[in-house]
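Colleague: pasting the sequence and the predicted model now:
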Amino acid sequence: MLVNSRRNGLKFGLFLCIFIVTLMVGGLTAKAAAPDLQVRSAIAVDANTGQVLYQKNDQRKLPIASMTKLLSIYIVLKEIKNGQLHWNQKVAISPEIAKMSRNPDLTNVPLSANRKYTVRELYRASLITSANAAVSALGNAVSGSPHRFVNKMRSTTKQLGLTSAHIVTASGITNGQAGKLGYSSVAKNDENTMSAKDVARLSQIILKEYPEILRTTSQSKAWFDKGGSSQTRMQNWDLMLKGLSQYRANLPVDGLKTGTSNAAGGNFVGTVNRDGHRIITVVMHAQNKGTGDPARFVQTRNLMNWVYASYRPVTLNAQTYQLSNVKVPMGKVKTAEMTVTKPTTVWLGKHQSRTQLKSKLLIDVNHQEKDGLKAPAAANTTIGKARLTLAGKPILQIDHSGTVTLPIKTIYSIKRANWIVRTWRDFISLF
């Protein structure tokens with residue numbers, strides 16, 4: 001009995017050891033599956049739905065440096081769309097901005113206070129070579145003064161729900177570097193901060209509303225004021241663009257914006273469209289030992305490659321995605337089928353199945369009737385949204401809802417039952 005007891009004890013001990021080792025190896029494998037990015041904060045999202053594909057301290061507020069220019073340019077593009085600003089409009093340069101444009105410690109194109117430049121010229125300089133004075137001049141053109149433009153930037157972040165944003169300059173330089181354009185009541189080392197999540201959200205909004213921005217951010221080199229007194233050969237600081245040192249054919253990056261400062265390190269919000277599926281990545285505070293340090297792009301490449309290797313995009317459309325048996329209490333037929341209003345991509349892990357994708361229909365109030373869909377309803381009518389889950393868990397995304405929801409529409413027209421049938425159903429429902 002004692003021998004058997006010892007044998008059983010040994011077997012149990014061996015089993016326990018194997019179990020613990022298995023857990024450890026499994027844990028290590030799971031941990032190794034995600035990239036160990038050498039950055040303080042990062043995020044990767046689908047550019048269309050905002051589905052979160054990777055997170056690392058993504059809600060931590062950090063200096064964003066020149067990634068700020070995406071916010072400034074968003075406002076400029078909105079002003080142009082609304083007719084308040086025009087591409088060929090001439091912009092005067094204040095003495096303070098002209099002085100800033102010749103500061104050797106800042107990225108710039110030289111501007112003269114004795115002449116004017118078009119909105120288009122200043123816009124391109126702001127995005128391609130990250131010219132601080134150029135974007136400051138655009139801010140003046142929009143609001144009349146640096147402080148009024150900063151106020152507009154702050155109100156815009158509130159409108160867009162970028163709750164982590166702290167803005168003190170139009171370009172992303174520190175308050176002290178802004179000189180007379182800054183604030184006397186604010187510390188000189190104060191600078192713009194935002195979370196990686198909010199930078200990704202801002203980038204998603206820009207790409208949706210103004211996709212034409214990519215025509216500029218994808219340019220690796222361009223001239224500023226060619227043939228004029230401020231002629232400058234501009235080079236994009238995004239080294240992942242075609243023709244530059246960090247370009248890779250499998251990742252045709254076409255934007256968006258770098259950001260560098262002593263406090264920020266190397267920042268980069270990038271975007272790439274591969275096989276028709278665009279993602280946005282943000283890395284914050286990568287190593288930045290000097291001009292041309294590729295660390296932020298190496299980390300971005302690692303993240304982008306990991307996303308495409310770890311997920312498979314699945315397109316949901318009328319052929320591949322339908323919600324069956326949606327209740328229509330007073331319809332001529334008591335159930336109907338729904339689908340997405342437009343084709344939408346959802347990313348599944350390589351080892352996840354479509355069968356693990358579930359939906360909960362949320363019918364809009366004006367389309368509800370007795371805990372179901374109100375009849376009649378025309379074909380292709382958007383009646384609400386479907387909240388998606390994958391393997392029983394919500395699919396995270398970066399907007400205010402926090403989870404991926406898809407607009408849902410009717411496939412066919414749904415007729416209302418006659419009054420006799422409706423009365424009978426009301427009567428039956430009492431029992």
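Modeller: Received it, and whenever you're ready, just let me know what you need. Numbers count the residues shown, from 1 in each chain.
Colleague: close enough to count as contact, T260 and G266?
Modeller: Yes: between T260 and G266 a contact is recorded at 5.9 Å, counting by CB atoms under 8 Å. (C-beta placed from N, C-alpha, C; glycine too.)
Colleague: so between those two, which is more surrounded?
Modeller: Neighbour count, other CB atoms under 10 Å: between T260 and G266, G266 has more, with 25 against 22.
Colleague: relative to N132, how far out is the residue nearest to L127 when sequence neighbours are not counted?
Modeller: Nearest residue to L127, sequence neighbours excluded (CB to CB, 6 or more residues apart in numbering): T216, at 4.9 Å. Distance, T216 to N132, by CB to CB, to the nearest Å: 17 Å.
Colleague: try V253
Modeller: 23 Å.
Colleague: repeat for P146
Modeller: 12 Å.
Colleague: which one's more surrounded, these two?
Modeller: For P146 versus N132, neighbours defined as other CB under 10 Å are more numerous around N132 (29 against 22).
Colleague: list the contacts for that one?
Modeller: Residues counted as contacts of N132 (CB atoms under 8 Å, 6 or more residues apart in numbering) are S66, M100, S101, L106, T107, N108, S171, G172, I173.
Colleague: contact partners for the residue most central in space within the chain?
Modeller: Compute the mean C-alpha point of the chain, and by CA atoms, centre = their mean the closest residue is A200, 3.0 Å away. With contact taken as CB under 8 Å, 6+ apart, A200 is in contact with I43, V45, G50, D58, V269, I280, T281, V282, I398.
Colleague: of those, which is the most crowded?
Modeller: Of all the contacts of A200, V282 has the most neighbours under the rule other CB under 10 Å, reaching 34 neighbours.
Colleague: what about that one, which SS state?
Modeller: strand (DSSP: H, G, I helix; E, B strand; the rest coil).
Colleague: wait, it sits on R40?
Modeller: No: the pair V282 / R40 is not scored as a contact, 11.3 Å apart, by CB under 8 Å.
Colleague: so where do the helices sit in this structure?
Modeller: For the chain, the helices defined by DSSP state H occupy 2-33, 69-81, 95-100, 119-128, 132-143, 146-160, 196-209, 214-217, 295-310, 419-429.
Colleague: what average pLDDT does the fourth one get?
Modeller: Spelled out, it's helix 119-128. Helix 119-128 shows a mean pLDDT of 98.
Colleague: could you figure out how far it is turned away from helix 69-81?
Modeller: Using axes from the mean of the first three to the mean of the last three CA atoms, to 10 degrees, the direction of helix 119-128 lies 160 degrees away from that of helix 69-81.
Colleague: how about low-confidence regions in this structure?
Modeller: 1-33 (pLDDT under 70).
Colleague: break it into its domains for me.
Modeller: Split into domains by automatic domain parsing, the chain comes to 41-311, 317-429.
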